[in-house]
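J.: The sequence and its predicted three-dimensional model are supplied below.
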Amino acid sequence: MQRIPRTDMSKATGRTREQLDAVSRKMGRVPNLHATMANSPAVLTAYLRLNDALSQTSLDNRLRELLAVTVASANDSEYCLSAHTAFGRHLKVDEAELLHAREGASTDPKTLAALTFAKSLVQKRGRVSDGEVSALKAAGFSNAAVLEIVASTVMNIFTNYCNHVAVTEVDFPRVSVPSQN
């Protein structure tokens, strides 16, 4: 049972209603994460704005979803792992690639560098080494892209933690977090 309940769409008013209506138009429904964040319009606004800003980076949708899968798995976030696996499938990301991403791995060297870096960011709470940043750059990521990977990772940590605290009910096809985390 959720600790922090979802906002009931039928009772939402003002800015909260506008935000949830916008989410519904964009996604075809209001996922439980958004309805839960709507308890605080400021939190939902922060999430939506950051998500929108990160959609305008040099990182493509596929890589952003793989990053989200890696971060969710590293943080044991069943909700986010389930949601981003579904979003990855919608983008036609290969099932094997989604499974690899759960471990922070990839068969593509550039993607592997990004996922390895994101997993390290989570594990080391941002205190990565010079060598880790250099490896990411050597894989072909610019300084801007390095920061975009950091921002994408942090946004996913934010949603992971919100879901941990709220115990958000999974409303996507359920994907269990790997047991070795």
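T.: Great, that's in hand. Numbers count the residues shown, from 1 in each chain.
J.: Can you pull the domain assignment for this protein?
T.: With automatic domain parsing serving as the domain definition, the record reports that the chain contains domains spanning 9-54, 61-166.
J.: so can I have TSV of those domains showing mean pLDDT, distance to residue 1 and mean neighbour count?
T.: Backbone N, C-alpha and C define where each C-beta goes, glycine included. As requested, the domains of the chain are exported to TSV (pLDDT from 0 to 100; distance: least, C-beta to C-beta, whole Å; neighbours: other C-beta atoms under 10 Å):
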stretch	mean pLDDT	distance to residue 1	mean neighbour count
domain 9-54	96	12	16
domain 61-166	98	11	19
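J.: any chance of those in JSON lines, plus distance to residue 3?
T.: Formatted as JSON lines, the entries for the domains of the chain read as follows, by distance: least, C-beta to C-beta, whole Å:
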{"stretch": "domain 9-54", "distance to residue 3": "10"}
{"stretch": "domain 61-166", "distance to residue 3": "6"}
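J.: of all these, which lies closest to residue 174?
T.: domain 61-166 (5.3 Å; C-beta to C-beta).
J.: can you tell me the distance between the two ends of the closest one?
T.: Domain 61-166 has an end-to-end distance of 27 Å (criterion: C-alpha to C-alpha, to the nearest Å).
J.: I'd like the distance from it to the chain centre, please.
T.: Averaging C-alpha coordinates over domain 61-166 and over its chain gives two centres that are 8 Å apart (C-alpha atoms, centre = their mean, to the nearest Å).
J.: What of stretch 12-26?
T.: Going by C-alpha atoms, centre = their mean, where stretch 12-26 is centred and where its chain is centred differ by 21 Å.
J.: Which strands or helices does whichever helix in the chain runs longest pack on?
T.: Counting residues, the longest helix in the chain under DSSP state H turns out to be helix 143-166. The helices and strands touching helix 143-166, judged by 3 or more C-beta pairs under 8 Å, 6 or more residues apart in numbering; DSSP states H and E, are helix 32-37, helix 41-54, helix 61-74, helix 78-90, helix 109-123, helix 130-138.
J.: what's the next secondary structure element after the fourth one?
T.: Tracing the chain C-terminally past helix 78-90 and defining elements by DSSP states H and E, one meets helix 95-102 next.
J.: Against which helices or strands is that following helix packed?
T.: For helix 95-102, the contact count by 3+ C-beta pairs under 8 Å, 6+ apart identifies helix 61-74, helix 78-90 as packing neighbours.
J.: As JSON lines, those with distance to residue 112 would be great.
T.: Formatted as JSON lines, the entries for the helices and strands packed on helix 95-102 read as follows, by distance: least, C-beta to C-beta, whole Å:
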{"stretch": "helix 61-74", "distance to residue 112": "10"}
{"stretch": "helix 78-90", "distance to residue 112": "16"}
